[in-house]
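Engineer: build me a model from this:
(2 chains)
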Amino acid sequence: MAGRGARTLACRVGTHADARSVSFRAATGTERNDPMPYPRIRIEDAAHHTGEPVEIAGWLYNLRKSGKIVFPLLRDGTGIMQCVAVKANLDEALFETLKNLTQESALILRGKLRAEQRAPGGYEMDVEGAEIVDRVPESDPYPITPKEHGPDFLMDHRHLWLRSKRQHSVIRVRHEVIKAVRDYFDSHGFTLVDTPIFTPAACEGTTTLFEVNYFDDEKVFLTQSGQLYNEADAMAFGKVYCFGPTFRAEKSKTRRHLTEFWMVEPEMAYATLDDVKQLAEDLIVFVVGRVLENRRTELQALERDISKLETVKAPFPRMSYDDAVKALQARGSEIQWGGDFGGPDETMITEGLDRPLLVDRYPTQVKAFYFEPDPDRPELALGVDVIAPEGYGELIGGGQRIHNLNLLLKRLEEHKLPPEAFNWYIDLRKYGSVPHAGFGMGIERFVAWMCGLEHIRETIPYPRMLYRTRP
RNA sequence: UCCUCAGUAGCUCAACGGUAGAGCGCGCCGCUGUUAACGGCGUAAUCGUGGUUCGAUUCCACGCUGGGGAGCCA
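Structural biologist: Numbering: from 1, shown residues only, chains lettered A, B, ... in the order given. Okay, the predicted model is just below:
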């Protein structure tokens, strides 16, 4: 066990030059005294090392062979490198070892890099040496073959599926989206103030919550939104955001739902609905731009139609709820004024659009208790939804919050919410209350839209859904 | 919770109520430029419980497991 752990560690630290000889010994189990003729590189940096002898540590993605020449495809987490091993140039034992490698075996290959048009990534390594770190046995081969598999099988093997090119690309896009979101807020005067995951009561009353035993007698719930805390934090810091996991115990069973997902929620003091609309548009344009700038390779691997993202520029079209209902009815929807949009409605309303749509001023009855009413038409809430094009649905939901004490108390009563549970929230309306606004953006839906995925389950490393909590 | 579709080899799929097939994987062999390489040979299977029938992978009922959708939402 100790030896195995050491090996793993050695591979991880192997990119540091000083750790080279240590990692080499650890990886091979043999002593070597020669200096380091093959510095280790990452495949994504191959272009900077053409003509140089290098070493790549990774896993066997696939192996093609033809008699006295074999093509191991080596995967290192940053890309895939086609390598070439020619029998005449290698000692026989090594050639035989390479020829009989099994899929996903861990190995280190050494040789010279060369630009090569025939190779998938544009570069190729002429193999001069190899170290097998861990060979997968034929008796228990790697289950995910380069052919087709069904969703159930793949989800059962999610821990291995992440190694495949497609999943790898999706997760890297996810990383880019998250980083871009954080960069945006960090550079626009927002302070990160995270909100609790264990919460004493429902934030919004209606939605189903996951209940957790909290020591002996107390029940707590997993958060479904950080918003109420965000409002307190905005009064302390001006502009804040929280970013964390969110839990919904709804038995939703669609391609747009997870029971555990990640949400970013900004909140601003001294802000109105218009400020939030502006912020939402700015944020989306920025994040899409970052993905296009830094993750083009991944989008191409996913066969995403990039032109559909390149049109995402300000300004976004805007529409009132009133007009949206009329437009939907004109297109044949069953929707009545006063109802919320269904999935098909969201798709229909954005049809023909090349960027997201902002719909604002919804009927109060379909929105949560904390929405500020429109001063001109009190039956409307100052809320806004941002709906993605191409049928990806609601990306953002938010709006302006009630800042008047008496109105808030009235709404709590109307929604049959116990005021004592909201004492701290009510305090915010007593001590320097100001107009404030914010929204929540679902990261997975955003990533699904970026990647052009059918189902949201591929956008999170380990999805939690109605019928799936493993692996 | 409701509607709908599907469960056959390790994987992806075939098979009129009448002898369960193929591709991939895996094993052996061949091949010095392969691109989910290719060619040859071999390996391995009907979700569960009842029912209809001379005979059920096929038809029926229930159960289990999953896919898609509705409601709700991000």
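Engineer: list the buried residues of stretch A:313-332.
Structural biologist: By neighbour count with 16 or more other CB atoms under 10 Å, stretch A:313-332 contains the buried residues A:F316, A:M319, A:Y321, A:A324, A:V325, A:A327, A:L328. (C-beta placed from N, C-alpha, C; glycine too.)
Engineer: filter these by proximity to RNA strand B?
Structural biologist: Subset of the buried residues of stretch A:313-332 in contact with RNA strand B: empty, counting by CB under 7 Å from any atom of the strand.
Engineer: mind listing which of those are in helices?
Structural biologist: A:Y321, A:A324, A:V325, A:A327, A:L328 (DSSP state H).
Engineer: wait, which of these is closest to RNA strand B?
Structural biologist: Each of these was checked against RNA strand B using CB to the nearest atom of the strand; the closest is A:L328, at 12.1 Å.
Engineer: apart from its chain neighbours, what residue comes closest to the closest one?
Structural biologist: A:I335 (5.1 Å; CB to CB, 6 or more residues apart in numbering).
Engineer: let's verify the one you found: helix, strand, or coil?
Structural biologist: Judged by DSSP: H, G, I helix; E, B strand; the rest coil, the three-state class of A:I335 is coil.
Engineer: about what we covered before: can you lay out the buried residues of stretch A:313-332 as a markdown table showing distance to A:R255 and pLDDT?
Structural biologist: Formatted as a markdown table, these follow (distance: CB to CB, whole Å; pLDDT from 0 to 100):
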| residue | distance to A:R255 | pLDDT |
| --- | --- | --- |
| A:F316 | 24 | 96 |
| A:M319 | 25 | 94 |
| A:Y321 | 25 | 94 |
| A:A324 | 23 | 93 |
| A:V325 | 25 | 92 |
| A:A327 | 24 | 91 |
| A:L328 | 21 | 90 |
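Engineer: which pair of these spans the longest distance?
Structural biologist: Taking CB to CB, the two most distant members of the buried residues of stretch A:313-332 are A:F316 and A:V325; they sit 19.2 Å apart.
Engineer: got the domain ranges for chain A?
Structural biologist: Chain A breaks down by automatic domain parsing into domains covering A:37-134, A:156-459.
Engineer: what's the neighbour count on A:F247?
Structural biologist: The local packing of A:F247 (other CB atoms under 10 Å) involves 21 other residues.
Engineer: in chain A, which ranges drop under the pLDDT threshold?
Structural biologist: Within chain A, the stretches with pLDDT under 70 are A:1-36, A:201-207.
Engineer: can you pull the contacts of the residue in it that RNA strand B sits nearest to?
Structural biologist: Nearest residue of chain A to RNA strand B: A:G67, at 1.9 Å (CB to the nearest atom of the strand). Contacts of A:G67 were listed using CB atoms under 8 Å, 6 or more residues apart in numbering, and none were found.
Engineer: try it again at 10 Å.
Structural biologist: A:K87, A:K99 (CB atoms under 10 Å, 6 or more residues apart in numbering).
Engineer: go through the strand with the most length in chain A and flag the buried ones.
Structural biologist: Scanning chain A for the longest strand, with DSSP state E as the assignment, gives strand A:53-66. Neighbour-count burial for strand A:53-66, counted by 16+ other CB under 10 Å, picks out A:P53, A:V54, A:E55, A:I56, A:A57, A:G58, A:W59, A:L60, A:Y61, A:N62, A:L63.
Engineer: and for stretch A:84-96?
Structural biologist: A:V84, A:A85, A:K87, A:L90, A:L94, A:F95.
Engineer: keep only those of these that are in strands.
Structural biologist: Counting by DSSP E, the part of the buried residues of stretch A:84-96 found in strands is A:V84, A:A85.
Engineer: nearest to A:C242, of the buried residues of stretch A:84-96?
Structural biologist: Nearest to A:C242 out of these is A:V84 (CB to CB; 50.7 Å).
Engineer: any idea how far the nearest residue to A:K179 once chain neighbours are set aside is from A:E231?
Structural biologist: In space, and not counting its chain neighbours, A:K179 is closest to A:R290: 7.6 Å by CB to CB, 6+ apart. Using CB to CB, to the nearest Å, one gets 28 Å for the distance from A:R290 to A:E231.
Engineer: of the two, which one has the most company?
Structural biologist: Between A:R290 and A:E231, counted using other CB under 10 Å, A:E231 has the larger neighbour count: 22 against 17.
Engineer: hmm, A:P435 and that one touching each other?
Structural biologist: No - using CB atoms under 10 Å, A:E231 makes no contact with A:P435, being 11.5 Å away.
Engineer: shared neighbours of the two, anything?
Structural biologist: A:A269, A:R401, A:I402, A:H403.
Engineer: state the pair within those that is farthest apart.
Structural biologist: A:A269 and A:I402 (13.9 Å).
Engineer: which element is A:Y462 on?
Structural biologist: For A:Y462, there is no enclosing helix or strand under DSSP states H and E.
Engineer: please apply the same query to A:E267.
Structural biologist: Using DSSP H and E, the element containing A:E267 is strand A:260-269.
Engineer: hey, C-alpha coordinates of that strand in CSV?
Structural biologist: Only the C-alpha atoms of strand A:260-269 are listed here, as CSV (Å, rounded to 0.1, in the frame of the first residue of the first chain):
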residue,chain,number,x,y,z
GLU,A,260,-27.5,19.1,-6.2
PHE,A,261,-26.2,21.9,-8.4
TRP,A,262,-24.0,24.9,-8.2
MET,A,263,-25.3,28.5,-8.1
VAL,A,264,-23.7,31.9,-8.1
GLU,A,265,-25.8,34.6,-6.5
PRO,A,266,-24.9,38.3,-6.6
GLU,A,267,-26.7,40.8,-4.4
MET,A,268,-26.3,44.6,-4.4
ALA,A,269,-27.5,47.3,-2.0
